[in-house]
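Trainee: Build me a model:
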Amino acid sequence: MKLPTRYAQAEYELTDLLGQPDLDGTLRDRPSLVFSIEKALSSAVGQAYGLGEGIGVDDARLFLQRVLFHCNRLGFFRFDDPARYLNENSEYVFRLRRRIEEAWQARELSRIDVPALKRLDTRRALVDRVAADSDLEPSPTSLFFRKDASPRGWHRAAGVTALRSFYTLGCAWKALGGPEHRVRASLARLLAETGEASSPQRKLSEGLLSTLQCAGLKPDPEAYVSFAPWESLSEINEAFHLSSLSRQFLKMAGALLFWEASGPAELADHDAAARRLGLGGRPQGNPFYEERRCRLLLNEIALPLVDAYPDESWQVLAGYDIARLMRRRSSEALARAAREADALSGDDRELPRMVPKASLSPRP
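Mentor: Residues are numbered from 1 along each chain as shown. A predicted model of the protein is given here:
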């Protein structure tokens, strides 16, 4: 996904600054280093989350979601170079993230009817939503990937989906921080399960990366950040946002419930696409374990929270509904991107390919 020059330059300057040993100290001495970043940010926030939906809105949202991802990434240790996280507690990064999130989160919340949610029987509404999303008929987007997407288009969608699944699952682990509690204990038990009993998000991420590796593409989710539309990046940044704030724990529980309920259908979509395209390492689910996991998440995590916080229980529903809206929006954006890729001539050379291993044979 390409950005206009002014946004691309601002993103490049920001990522370069995030790698500086002392970002806040550097900016105290040379505040001019962020002038172009701040100018691009001010323009993008007004355009992306104002009242209009005109030309340039998608570019502004892509820029802002990429900036958010770079900032959020500092708080997610991947057992890579510790020097990458030197500015994790930077005041400038905190202000940057807060500035974007305030406008973005207000816009996302406006997409749902909060007063109507507050009037619902939250327990009944959650049970009904899970039942509906666990037994969905394939949507037009699902059918496109199952029946029509070319390898070129599907590889892009698969890489971005693996990226999103990797980070949403990782953020679920972040939400475990805090004192011992039976809800946290149940969540930890679910997240720790491996193999056939593991989360659909883990199966999806690992299966898709394995499939991409079989196609000669990099099996690293971060290799596909530049291919992600803003709609997919917003799912990742939503997971970061919910998992980083204690006051958002109820919404995080609702989002987790949606990810679990919708996971089997998404697994089936990508398994069908990979099988049709003759690709190896396909992501495959297990209906028995998936139904069990979803039931446990509903009965041991979501519903106990509803009972414990009756006046705030609508937030569990809000987290669920926002996650569902974001997923639909992201899936449609990935399908559009896949169709656009299919319409282009050429091959997949722009996708991140694996570097061949050096030959181990002795030199002559």
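Trainee: would you list every one of the helices in the stretch 101-250 of the chain?
Mentor: Taking DSSP state H, counting those that start in this stretch as the test, the helices found in the stretch 101-250 of the chain are 114-119, 122-133, 140-147, 151-174, 182-192, 200-214, 230-244, 249-276.
Trainee: Just the buried residues of the last one, please?
Mentor: Meaning helix 249-276. By 16 or more other C-beta atoms under 10 Å, the buried positions in helix 249-276 come out as 249-274. For the C-beta atoms, the positions are set from N, CA and C on the backbone; glycine is no exception.
Trainee: Reformat the helices of the stretch 101-250 of the chain into TSV and put distance to residue 27 and mean pLDDT next to each item.
Mentor: Listed next are the helices of the stretch 101-250 of the chain as TSV, based on distance: least, C-beta to C-beta, whole Å; pLDDT from 0 to 100:
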stretch	distance to residue 27	mean pLDDT
helix 114-119	38	96
helix 122-133	45	96
helix 140-147	43	94
helix 151-174	27	92
helix 182-192	38	87
helix 200-214	36	88
helix 230-244	23	97
helix 249-276	32	92
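Trainee: Out of those helices, flag the one nearest residue 96.
Mentor: helix 230-244 (12.7 Å; C-beta to C-beta).
Trainee: what about the closest one, distance to the chain center?
Mentor: 5 Å (C-alpha atoms, centre = their mean, to the nearest Å).
Trainee: Quick one: list the elements packing against it.
Mentor: helix 57-73, helix 91-109, helix 151-174, helix 249-276, helix 314-343 (3 or more C-beta pairs under 8 Å, 6 or more residues apart in numbering; DSSP states H and E).
Trainee: Just give me the residue right at the centre of this structure.
Mentor: residue 236 (2.5 Å; C-alpha atoms, centre = their mean).
Trainee: roughly how far apart are the closest residue to that one other than its chain neighbours and residue 235?
Mentor: The spatial neighbour of residue 236 that comes closest, neighbours along the chain excluded (C-beta to C-beta, 6 or more residues apart in numbering), is residue 167 at 4.6 Å. Applying C-beta to C-beta, to the nearest Å, the value for residue 167 to residue 235 is 9 Å.
Trainee: for residue 194, phi and psi?
Mentor: phi -130, psi 180 (degrees, to the nearest 10).
Trainee: For it, list the residues it contacts.
Mentor: residue 202 (C-beta atoms under 8 Å, 6 or more residues apart in numbering).
Trainee: Of all the helices and strands packed on helix 230-244, which one is nearest residue 123?
Mentor: Using C-beta to C-beta, the helices and strands packed on helix 230-244 put helix 314-343 closest to residue 123, at 9.7 Å.
Trainee: how far is the closest one from where the chain is centred?
Mentor: Counting by C-alpha atoms, centre = their mean, helix 314-343 is centred 10 Å from the centre of its parent chain.
Trainee: Taking helix 57-73 as reference, get the angle to it.
Mentor: With axes from the mean of the first three to the mean of the last three C-alpha atoms, to 10 degrees as the basis, helix 314-343 and helix 57-73 are set at 120 degrees to each other.
Trainee: start to end distance for stretch 101-121?
Mentor: 30 Å (C-alpha to C-alpha, to the nearest Å).
Trainee: go on, stretch 183-199?
Mentor: 17 Å.
Trainee: Report the distance from that stretch to the chain centre.
Mentor: With C-alpha atoms, centre = their mean, you get 19 Å for stretch 183-199.
Trainee: buried stuff in it?
Mentor: Using 16+ other C-beta under 10 Å as the test for burial, stretch 183-199 gives 184, 186-187, 190-191, 198-199.
Trainee: Let me have those in CSV, extended by distance to residue 97.
Mentor: As requested, the buried residues of stretch 183-199 are exported to CSV (distance: C-beta to C-beta, whole Å):
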residue, distance to residue 97
184, 25
186, 30
187, 25
190, 29
191, 25
198, 31
199, 27
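Trainee: what's the farthest-apart pair in those?
Mentor: 184 and 198 (18.8 Å).
Trainee: tally of neighbours for residue 339?
Mentor: Residues within reach of residue 339, counting by other C-beta atoms under 10 Å, total 14.
Trainee: swap that for residue 225, please
Mentor: Using other C-beta under 10 Å: residue 225 sits among 19 other residues.
Trainee: What of residue 132?
Mentor: 11.
Trainee: and the gap between it and residue 285?
Mentor: Distance from residue 132 to residue 285, by C-beta to C-beta: 18 Å.
Trainee: Likewise for residue 225?
Mentor: Counting by C-beta to C-beta, the gap from residue 225 to residue 285 is 26 Å.
Trainee: With residue 209 instead?
Mentor: 16 Å.
Trainee: between these two, which one's more packed in?
Mentor: A direct count of neighbours by other C-beta under 10 Å for residue 209 and residue 285 places residue 209 higher, at 25 against 19.
Trainee: Enumerate every residue touching the residue nearest to that one when sequence neighbours are not counted.
Mentor: Leaving aside its sequence neighbours, residue 209 sits nearest to residue 219 (C-beta to C-beta, 6+ apart; 4.1 Å). Counting by C-beta under 8 Å, 6+ apart, residue 219 touches 209-210, 212-213, 354.
Trainee: Show the buried residues in those residues.
Mentor: 209-210, 212.
Trainee: Next up, the contacts around the residue lying closest to residue 129 once chain neighbours are set aside.
Mentor: In this structure, residue 129 finds its nearest non-sequential neighbour in residue 320, 6.0 Å apart by C-beta to C-beta, 6+ apart. Residues in contact with residue 320 (C-beta under 8 Å, 6+ apart) are 126, 129, 254-255, 257-258.
Trainee: same question, residue 327
Mentor: The contact partners of residue 327, by C-beta under 8 Å, 6+ apart, come to 235, 258, 262.
Trainee: Next one, pLDDT for it please.
Mentor: Residue 327 carries a pLDDT value of 96.
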